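> Test case, fold it:
(chains A, B, C and D)
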Amino acid sequence: MLESTHPLADTAARFVWWLPTLPLIGFLINGALSVYASAKLGPADPSSDHGHEAHGHSANAHHQPHAADAGHDGHDTPIRHRFAAIASVVGPGVMVVAFGLALATFFAMRGVEMHSPYVNTLFSWLPVGALQVDAALQLDGLSMVMVLVITGIGMLIHLFSVGYMQDDPGYPRYFAYLNLFVFFMLLLVLGANYVVTFVGWEGVGLCSYLLIGFWFSEQANADAGKKAFIVNRIGDFGFMVAMFMLFAHLGTLDYTTIAAKADQLPAGGIVVTAICLFLFLGCAGKSAQIPLFVWLPDAMAGPTPVSALIHAATMVTAGVFLVARSSMLFSIAPVASLTVALVGAVTALFAATIGLKQWDIKKVLAYSTVSQLGYMFIGVGVGAYTAGVFHLVTHAFFKALLFLGSGSVIYAMHRAYHATHHHGDDAQDMRNMGGLKKYMPATWALMWIATLAIAGVPPFSGFFSKDEILGAAFARAHGSTLADATLLGLPGSTVLYIVWVLGLASALLTAIYMTRMMLYTFHGPNRTGAANTPHLAEAPWIMTGPLVVLGVLSLVGGWLNLPAVITDLMPIGPSGTLEHWLEPVVGEATARVAGTGTHLSASTEEVLIGFAVAIAIAGIVIAKMRLKPEVLVSKSASLPSNGIQRVLEHKWFVDEAYDATLVKPTYAISKSVLWTGIDVGLIDTLLVNGSAALTRFLGWMGGQLQSGRVGTYAWMLVLGALLLLRAFARAS
Amino acid sequence: MENEFYPLFYQFNFYLFGLIALVSAIVFVTRKSPVAAALWLVMVMFALAALYVMLGAEFVGMMQILVYAGAIMVVFLFVVMLLNLGHPSELNDIRGKWGRVAAGLVGLALVAELLALGRSSVNTNLVLPAAPAGDIAQGTAGIIGPIAGPLFKEYLLAFELTSVLLLVAIIGAVVLAKKRSAVAVDTETPHAR
Amino acid sequence: MLAESLTLSAALFTIGVIGVLTRRNAIIVFMCVELMLNAVNLSFVALSRLYGATGQVFVIFVMTVAAAEAAVGLAIIISIFRHKKSVNLQDINILRG
Amino acid sequence: MHGMLSSMNYNGWILTTLLLLPVLGAVMLSVQAAGSGQADDATKMSSARRTALLFFTAEAVISLGLWWSIDYGTADWQATVTVPWIPQWGIFYRIGVDGIAVLLILLTTLLMPLTVLGSWTSIRQKPHAFYALLLVLTTGMLGVFMALDLALFYVFWELMLIPMYLIIGIWGGQRRLYASLKFFLFTMLGSLLMLVAILYIGLKTVDPLGRPVFAYDWILQSASYPGTASLWLFGAFFVAFAVKVPMWPFHTWLPDAHVEAPTAGSVVLASIMLKMGTFGFIRFALPMFPDAVNHPVVRSSVIVLAVIGIVYGALVSMVQPDFKKLVAYSSVSHLGFVMLGIFALTTQSLQGALMVNINHGISTGALFLLIGMLYERRHSRMIADFGGIAKVMPVFAVLLTIVALSSIGVPGTNGFVGEFLVLIGAFTTEPVAAVIATTVVVFAAVYMLWALQRIIYNPLSKPENAALKDLNWREIGLLLPLIAAIFWLGLYPAPILNRTHAVATRIIERVHGMSDATSAGVVRP
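Numbers count the residues shown, from 1 in each chain, chains lettered A, B, ... in the order given. Next up, the predicted model:
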């Protein structure tokens, strides 16, 4: 129905289902290539094949160490996969086409007035009585933004991967997973109801699992993948319960219907609050917020482009997307919204403190991601949905750039180590880097752009988005529905001020730890080792090319949504472009949260901006002054740290705490109480075997009568005869 | 027959042979030697045969002597000799004191029960027909007529079946008592080859 | 004479029973069984005075069966003796499964 | 298709043929076994498996027509056949199907050829007897799904027990005798109670001639039970079905039976025989005793047991060192979902329960087949004996991953559809139970992925594993239909859902209809 009447129905948008289909095709082709290439089918009768086990030993003795260390960022076996060429065309190729289609759809969308989302129903998926779930895709401003980010940045990262993964033995498998990831991610953002979104939601988690554990032969990688999936599933539990509640109370899971029916739920009531909190549990899992952030740093075990695509630019922001997508619910649940903002703010600060003391370059970026995601949640939590999505987009640009840049660095380090056979050294530890500026000038320059962007220095993209979020948090403290609510006994306005302060504090820390990373990596003397240094070099063009594109985007990304207060001062472009774009989707919700007294005066806003810029620059300066790359020594020569530094380096011991309080007890209880206690002990031994033993005992008693001796039988016969006689006598 | 001495004679003989049977049975059951026991049992059977005659069952009495005393007990004695068990058993053939006491108690109970049952279910006050033996003895069908009648009319099938039974018993006895063939010997000597 | 016959029958039967219970020599036990059969025969004969000649017919049958039983039973005893070199019932427990 | 089938009078003969064909096959195998006397083992094996495959394939092919020939819009019995069997006692050969039964019949007939292929090289001992028993077992299972006469139902119910007992006891693993006996006694305990209940019902419901009535429909319409009799009868049926499901705490036969059974036995046990319990609830316990089902204590007890089973099964799975046992305990968890779905009494949850039934049949069947393939190569099922075998068995690793993901309900696979429907339906009536059950999405991921990691990922550190050979074409071929089903049911389950909707609605309405009379219907549709 909708398709035929909607203005988008006759445009490129009607091919929207091709968007996820294209990467799916890529996945199928690459997956087939991968399986085909690696499969050596077994004999027709596998059980008759015992002879091979014997001489397997000797063959394996050589094979084994090789297989074990083929893992780490995978350049130890520089054998090109036989299907590398096809995979290089298919993998990124489908992304290019998808991005083209996304652009076409985008331009089509610009040409029409979007009053309602364009819903493309493919087929009826779960038709069960009152529950009718369609496999349907929904195109509106929000999903369009996400689609552009996913296909655009995804395309760049695919291209980067062609260089980065070129020598990996699992090359087509890598692209298969990556394509599959894009498929699920597009499903996530395009879904027209919570269930389709959930399919994508779990699907990206699955791909994340597969990609983190891409080099599965190393236990740590496989562990990290599994951890990511399981922690995500804790979040998914929340998502599912939220869906159940929605169905129980509204009878539908379609976004459009829920938006229309949301006012049936009492605003601020327990139901909608619970729904939103459960949804947020899902978001916290996917977007690595407290208390479920622990998987993301471990997820760095995957190939670096994966970290860039999944664990920085797209998947981890799905939680932010979901809150924005559910703005119709969050906007009537102020307590839940405040929770989102507060958790986001605390996570932002918490992760930033850990980021201060990490040595692994990717771990720094990982905690930085957690911290920035916290920012986005502040944005969507305070009802500034556009600001949250805006930061999502800019963060996608600069964080993808940072990760790919770090990938480029790691690639160079690996090459150098590989050339000199230094396999023991850690190619990701910043203590082994230093002074790389000389060898990799382009990467250095581009990464500085991203660093300034994330630190919030104008005119880089991060400045605008971060500022908008902090400004919104400050503004909502007065007159908004949030300010009138209470959270944990605190008035909403107080909570919002706390959020704002935490946001500023983490902005300061962000500037410090990012500058620290840049200083240790690119500046100061080189600590790679004299033998390795000559082999350090810039990566090939297929890798630096995407970096340049991302660099440009990080630089100008802020123009997507310039604040009016700046365009009023200097006319550098149109203001609030993204805001207008998202207006049909989140406008109503934003207005509902904002309530009456929202708009800050221009002067207040100018002061806030100045304050933010000052903090960013202060952070950079502090880092520059306090940190001395010159005194660093390489990892192997470093002493273990102590005090607060040690606590930070060990991430506040959160993993250890979870392990001791949740994981171990659950395992122990399952094993010794449930299994050996109840199952084997109580039910099997006592009840089942106990009743058998009782029967056996009775049988033994009966068996005693059957001695086999005629004499005994004669006795029994006579006694029986006596009894019978007695009975006869009585009868007669 | 008309002689009034006759019933008295019968009665006297009945008690005499009854006593002989009883005493012989007790002696039989207490003998250690199987041969002695068997001979005392023969004695019981003879006495019983006489009792049968006293009770007017002359044919059965004859059969008793022929079949039991004559055939069956001979077989017993034959087996005893065959297995060379003629000496008093060196083993604890008779159970110990408690076994005997228990058996005695059971026996008492059994007698009591049997007598009680007999008294309650058989009309012992019934006077027996005056001269039963004479009637039977002098009847048109002779002594065995009254037995032969039912045996070959109502119980013909059973009668025929007993012949089958005997045949089976003969074969069974032969098979069971036969010495095991070479196969059986082989199994007892594991390393025959 | 009927009552006396039945009493004697009961007494003989009980003696047979006691023999079966107290003796351990298989052949003697077997003979005790024969005694029990005879006791029963006596009852049959005595009661045939009361109820007609059928009782005596049954005695004939009992004798036949006794003969068959004696043949088979003794054959079994011989067979067991060959195996165990004993006719003591305490040594014979092959009836146990 | 429908027209062609009806011109063949397909519905008239199909069910009876499906029941008789396996028996014929079993007879044929017996004849073959007698004829093959002195032939060597390989010849025997190949002749037996070929005959078995022929019969199972024929069975599968002719059963396919049911997909089209049955009218799914109605909840009435179809393809019915009624022949007097022991009419004096009111026992008839009375069979027929509804939408639910058809799906389970198709699951059975389509899965059986795969189990033969799965046993292709692993059954070397007495192959004829093995396949003959498998065929007889098939008749028993199909009969349970078709029977519309309680006495007949009981006969088939027991018929299915003995072949499985023998299959485990003869072709099983180390502790096969213990396992088979445990299986037999557990099941027998329940089914004897059910027999008593069936006899009571049959004698209670008499026809105009005063004969007992065992006809299902008749009983459904006219039976009424005095006082608490309904509760007792339900209890008897409950024990029989709960053992079979198996519900906690009647489940401990399952891990032993699964672990010791040969691959085909495990597959049949998990994929089809466990469905008997839940099918029994849906077909008999629910419609026949609505009063008992609506009894608040009864219903909440069943739900509590179901939820305990769900969580407990998952947690115990987590700590199993034996992969087969892990899957067995995960079955306890999955079947707990089915029970929750049934007793939540909503259309969504009931249809979800049916989906979980079918999904579990596919996924767990495939898992057992995969374990069997691994076992055939390595002669071990202990997780700790493996590690890193994705390197040497990539195809196996891919398939195992897909099946494992389906088993833990990743969206896009069949597992998700079933669990989601059960939970979303159950939440409307039993929110607390549903939320507790939902936590299993986490535990399921823990046990399955952890096992997956320790088997196919991690370093290839055991030298014995380095020589493992990947799957062959037969093995891949037999798994592919299951993989296809996993995705088909995950992505487009509508055909299945539409086929069960009418029946599910009827059952729910029947139970609620009674509920409104007794309690003030708190349940929403």
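> Every contact and neighbour count from this point should use C-alpha atoms.
Will do.
> Nearest spatial neighbour of residue A:113, chain-adjacent residues omitted?
Distances taken as CA to CA, 6 or more residues apart in numbering or on different chains put residue A:7 closest to residue A:113, at 7.7 Å, once the chain neighbours are dropped.
> now do residue D:426
Take residue D:426 and drop its neighbours on the chain: the residue closest to it by CA to CA, 6+ apart is residue D:344, 5.0 Å away.
> Need the three-state assignment for residue A:137.
Using DSSP: H, G, I helix; E, B strand; the rest coil, the secondary structure recorded for residue A:137 is strand.
> State the distance from it to residue A:109.
Counting by CA to CA, to the nearest Å, the separation of residue A:137 from residue A:109 is 15 Å.
> just residue A:237 next, same as before
Summarising the geometry, the distance separating residue A:237 from residue A:109, computed by CA to CA, is 35 Å.
> Neighbour count for those two, which is higher?
residue A:237 (24 against 21; other CA atoms under 10 Å in any protein chain shown).
> Check what pLDDT the more buried one gets.
At residue A:237, the model reports a pLDDT of 93.
> Surely it is in a helix?
Yes: the assignment for residue A:237, made by three-state DSSP, places it in a helix.
> leaving aside the residues next to it on the chain, what's closest to whichever residue of chain B sits closest to chain A?
Of all residues in chain B, the one sitting closest to chain A is residue B:117 (5.6 Å; CA to the nearest CA). The spatial neighbour of residue B:117 that comes closest, neighbours along the chain excluded (CA to CA, 6+ apart), is residue A:729 at 5.6 Å.
> Check for me that the one you found belongs to a strand.
No: with three-state DSSP as the criterion, residue A:729 is located in helix rather than a strand.
> from what I can see it touches residue B:118, true?
No: with contact defined as CA atoms under 8 Å, residue A:729 does not count as touching residue B:118 (9.2 Å).
> my read: residue D:216 touches residue D:152, true?
No: using CA under 8 Å, residue D:216 is not in contact with residue D:152; the gap is 10.3 Å.
> The two: who's more crowded?
Neighbour comparison, residue D:216 and residue D:152: the larger count goes to residue D:152, with 22 against 19 (by other CA under 10 Å).
> Are there helices or strands packed against the helix or strand the more buried one falls within, and which ones?
Per DSSP states H and E: residue D:152 is located in helix D:150-159. If you count contacts as 3 or more CA pairs under 8 Å, 6 or more residues apart in numbering or on different chains; DSSP states H and E, helix D:150-159 packs onto strand D:91-97, helix D:127-146, helix D:176-204.
> And the average pLDDT for the first one is what?
Confidence over strand D:91-97, taken as the mean pLDDT, stands at 92.
> residues near residue A:122, how many?
With neighbours defined by other CA under 10 Å, the count for residue A:122 comes to 11.
> Before we move on, what's the pLDDT of the residue nearest to residue B:117?
We note a pLDDT of 76 for residue A:729 in this prediction.
> Enumerate every residue touching residue A:367.
For residue A:367, the residues meeting the contact criterion (CA atoms under 8 Å, 6 or more residues apart in numbering or on different chains) are A:296-297, A:351-352, A:354-355.
> Could you rerun that using 7 Å?
A:297, A:351-352, A:354-355 (CA atoms under 7 Å, 6 or more residues apart in numbering or on different chains).
> what element comes up after the worst-scoring helix or strand of chain A on mean pLDDT heading to the C-terminus?
Within chain A, no helix or strand scores below helix A:51-69, which has a mean of 37 by mean pLDDT, DSSP states H and E. Stepping forward along the backbone from helix A:51-69, the first helix or strand reached (DSSP H and E) is helix A:84-110.
> Can you give me the buried ones in that next one?
Across helix A:84-110, burial judged by 16 or more other CA atoms under 10 Å in any protein chain shown covers A:84, A:87-88, A:90-103, A:105-106, A:108-109.
> is any part of stretch C:26-36 close to chain B?
Yes: using CA under 7 Å from any CA of the partner chain, we find that stretch C:26-36 touches chain B at residue C:28.
> and whichever strand or helix holds residue D:351, anywhere near chain A?
Taking DSSP H and E as the definition, one finds residue D:351 inside helix D:347-378. Yes: Helix D:347-378 is in contact with chain A by CA under 7 Å from any CA, via D:347-348, D:376-377.
> now residue A:168: how far from chain C?
Separation of residue A:168 from chain C (CA to the nearest CA, to the nearest Å) stands at 71 Å.
> Chain D contacts on the stretch 551-700 of chain A?
Contact residues (CA under 7 Å from any CA) of the stretch 551-700 of chain A with chain D: A:667, A:670-671, A:674-675, A:679, A:684.
> shouldn't the residue nearest to residue B:117 be in contact with residue B:115?
No: in this structure, residue A:729 is not within contact of residue B:115 by CA atoms under 7 Å, at 10.2 Å.
> In terms of neighbours, single out the busier of these two.
Higher neighbour count among residue A:729 and residue B:115: residue B:115, with 19 against 16, using other CA under 10 Å.
> residue contacts, that one?
For residue B:115, the set of contacting residues under the criterion of CA under 7 Å, 6+ apart consists of residue C:7.
> Which pLDDT value goes with it?
Reading off the confidence values, residue B:115 has pLDDT 82.
> do residue A:48 as well
pLDDT recorded at residue A:48 is 59.
> quick one, longest strand in chain D?
strand D:78-86 (DSSP state E).
> Which positions within that strand qualify as buried?
Buried positions in strand D:78-86, judged by neighbour count with 16+ other CA under 10 Å: D:78-81.
> what does that strand contact?
Under the criterion CA under 7 Å, 6+ apart, residues D:11-12, D:70, D:91-98 lie in contact with strand D:78-86.
> now do stretch B:52-67
B:10, B:14, B:46, B:49-50, B:132-133, B:143-144, C:45-46, C:56.
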